[in-house]
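Student: Sequence and predicted structure, then a few things I'm wondering about:
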Amino acid sequence: MSGTLSVSRAVAFAAAGVAPRGGRRQPARLHISAAALRSASAFVAALTLAPTGLADSGGTPSFADAVRETRPALEIRYRHEAVDQDGIDKDARALTAKARLSWIMPAENGFSVGVEGDYVFVFPPGIGEDFNSTENGHTEYPVVADPTGFDLNQAFLRFRHDELTVTAGRQRIVHAGQRFVGAVGWRQNEQTFDALRVQSTHGRVALDYSFVANVNRIFGPGDGAQPGDWKGDSHLVRGDLALSDGHSLGAFAYLLDFENDNGPPNSTATYGLDYRGGFGPLTVSGSVARQTDWARSPLSYRADYYALEARLQRGRMAFAAGYEVLASDGGRAAFRTPLATLHKFQGWTDKFLGTPPAGIEDAYVTASTTIGGAALTLALHDFNAERGGDDYGREVGLLLKLPVWKGLAALVKFAHYDAQTHASDTNKFWVMLTYRFGS
């Protein structure tokens, strides 16, 4: 490994307070040592007590002032998720809650800090535990991938100067529509990254580079059927060009190198372009990419990706139609997106979290509207194999979002997957309440 990569990995791990690979992984993903916590506490306290030492000559408020003025934010999300899946005798019923406490300074010029912790738990205890979280051992139930426990979701140091932003540590990274890199915010335990990220804008051009030393996956805080972390040396690169008002072109390269558990088969090199443009009430978006095996991957393949979507807005109504293909290389392996917010794509029953070896074609339509403060969405998908043309199945989904009170929102969602040659018939139903307080 080059000296540059070694330094990048050290900075990403150190700022997040985590142990580099090779260190023993703890049951909960809180890798910060007591000494690190004491040092950080002393550092913040010293900055807070310093009255003027960090103020600039122009009278800009000091870092210490910003620390004192930053207020914590609280989010509580309570969810009922029910799953009826053919082939599994018992239905799943998960009653889980996530309590998130965040303390994140505004990203203004100069240094800022952010810390965010999540605690996921079953409530009431003993009643809503009839589900397979992937680590609780309840394999007689369908999977609801919401393991319980505490997770240090973010812990970063950020520096901003005009058009340059550098962030080091555990952080949320989201690219474009999250098709390739996302936060997986639907699950109770979010996906974040131990990374060094550099973002810069130059007129109409925006550049974004991240070196990722560790992916904190949704399956944590502990390891179960899936590892809670993927360690390695990965690079996320994206550039965006604003062509004109309402039109943009993006280019990306994702070089993923994972070393542990089931990570190596997901080590890939992906290069692509995407476009988004508005034509009055019509918005058109498209993307193309090519992927090969990379670094530690035991596979040998090359596969393409392409997607096209048109969305029409007419008053309170919106209609969309799209076609997305994750191609196969001779039926041996197919295009994959291991860091995507997968629940957002290819149906809400999550039948295609891993691309089948024969690839997948997804033809879909959606219709949505707003009624008062409520938002209603209908989604239909037709899934087929990219190679061989097998009929995988179809899915219908219905989503209702509505505000309840100040800071309180409700969600009701249903999805049905009608299997033909892939997976099994499945019904999923969710009711969720989210309360947010503070900045």
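Tutor: Cool, the structure landed.
Student: So what's the residue count around residue 106?
Tutor: Close neighbours of residue 106, defined as other Cβ atoms under 10 Å, add up to 10. C-betas here are computed from N, CA, C, even on glycine.
Student: what helix or strand does it sit in?
Tutor: Element membership for residue 106, per DSSP states H and E: none, as it lies in no helix or strand.
Student: who's in contact with it?
Tutor: The neighbours of residue 106, taking Cβ atoms under 8 Å, 6 or more residues apart in numbering as the test, are 66, 70, 112.
Student: who are the neighbours in contact with the last one?
Tutor: Residues in contact with residue 112, defined by Cβ under 8 Å, 6+ apart, are 63, 66, 104-106, 157-160.
Student: need those residues in CSV with distance to residue 313, can you?
Tutor: As requested, the contacts of residue 112 are arranged in CSV below (distance: Cβ to Cβ, whole Å):
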residue, distance to residue 313
63, 43
66, 39
104, 33
105, 36
106, 32
157, 40
158, 35
159, 39
160, 34
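Student: Among the residues you listed, which are located in helices?
Tutor: Using DSSP state H to define helices, the subset of the contacts of residue 112 located there is 63, 66.
Student: which among the contacts of residue 112 gets closest to residue 202?
Tutor: Residue 202 has its nearest neighbour among the contacts of residue 112 in residue 160, at 15.3 Å by Cβ to Cβ.
Student: end-to-end on stretch 82-89?
Tutor: Terminal residues of stretch 82-89 are spaced 14 Å apart (Cα to Cα, to the nearest Å).
Student: Which positions in that stretch come out as buried?
Tutor: 82-83, 85, 88 (16 or more other Cβ atoms under 10 Å).
Student: Kindly report the same for stretch 203-222.
Tutor: Of the residues in stretch 203-222, those scored as buried under the neighbour-count criterion (16+ other Cβ under 10 Å) are 206, 208-222.
Student: Give me the mean pLDDT for that stretch.
Tutor: Averaging pLDDT along stretch 203-222 gives 96.
Student: residue boundaries of the strands in the stretch 51-200 of the chain?
Tutor: With DSSP state E, counting those that start in this stretch, the ranges of strands along the stretch 51-200 of the chain come out as 73-85, 92-104, 110-122, 129-130, 149-161, 164-171, 192-202.
Student: Poorly predicted segments of this protein, please.
Tutor: The chain contains residues with pLDDT under 70 at 1-61, 439.
Student: how much space between the residue nearest the centre of the chain and residue 103?
Tutor: The chain has residue 183 as the residue nearest its centroid, 1.6 Å off, counting by Cα atoms, centre = their mean. Separation of residue 183 from residue 103 (Cβ to Cβ, to the nearest Å): 19 Å.
Student: List the residues that contact residue 227.
Tutor: Per Cβ under 8 Å, 6+ apart, neighbours of residue 227: 217, 219, 260-263.
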